[in-house]
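K.L.:
Give me a 3D structure for the following:
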Amino acid sequence: MTYSLICLPFLAVAVVLSLAAARRLPPAARRRRWLAIGFAGALVLVLTGVFDSLMIAAGLFGYAAGTRLGPTIGLAPIEDFAYPIVTVLLVPAIWTLARRRRARGGRDED
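P.N.:
Next comes the predicted model:
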């Protein structure tokens with residue numbers, strides 16, 4: 001099994017939830033959300049490329065032969081970038097969906 005096959009379900013769930021959450025926002029808030037996601041995504045992808053490359057170069061971890069697609073950014077295989085993308089999409093989506101549920105009358109049991 002390749003790392004890309006492991007990443008695909010997570011990416012699919014993140015995209016679906018992100019789109020569902022964005023549809024619940026007013027148009028102006030939706031535009032701000034996508035701009036923020038784009039900015040955060042670019043920043044996290046750069047940081048992932050730098051730090052994953054450093055950790056791979058230091059020998060902290062590696063990848064078994066035949067489990068990667070092949071292309072890399074620095075020393076990091078492109079599959080390594082799926083999890084930061086999932087995080088950048090999923091965290092605001094869950095936040096929006098949870099806030100909407102609470103606003104509709106869900107009890108706050110803090």
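K.L.:
what about Cys7, how many neighbours?
P.N.:
Neighbours of Cys7 under the rule other CB atoms under 10 Å: 18. C-betas here are computed from N, CA, C, even on glycine.
K.L.:
Report the spatially nearest residue to it, omitting neighbours in sequence.
P.N.:
Leaving aside its sequence neighbours, Cys7 sits nearest to Ala82 (CB to CB, 6 or more residues apart in numbering; 3.7 Å).
K.L.:
So which residues of this structure form strands?
P.N.:
For the chain, the strands defined by DSSP state E occupy 72-73, 76-77.
K.L.:
Please identify the most buried of the ones you listed.
P.N.:
strand 76-77 (a mean of 20; mean count of other CB atoms under 10 Å).
K.L.:
helices and strands around that one, which ones?
P.N.:
Strand 76-77 sits against helix 27-57, with contacts defined as 3 or more CB pairs under 8 Å, 6 or more residues apart in numbering; DSSP states H and E.
K.L.:
Sweet, I'm off.
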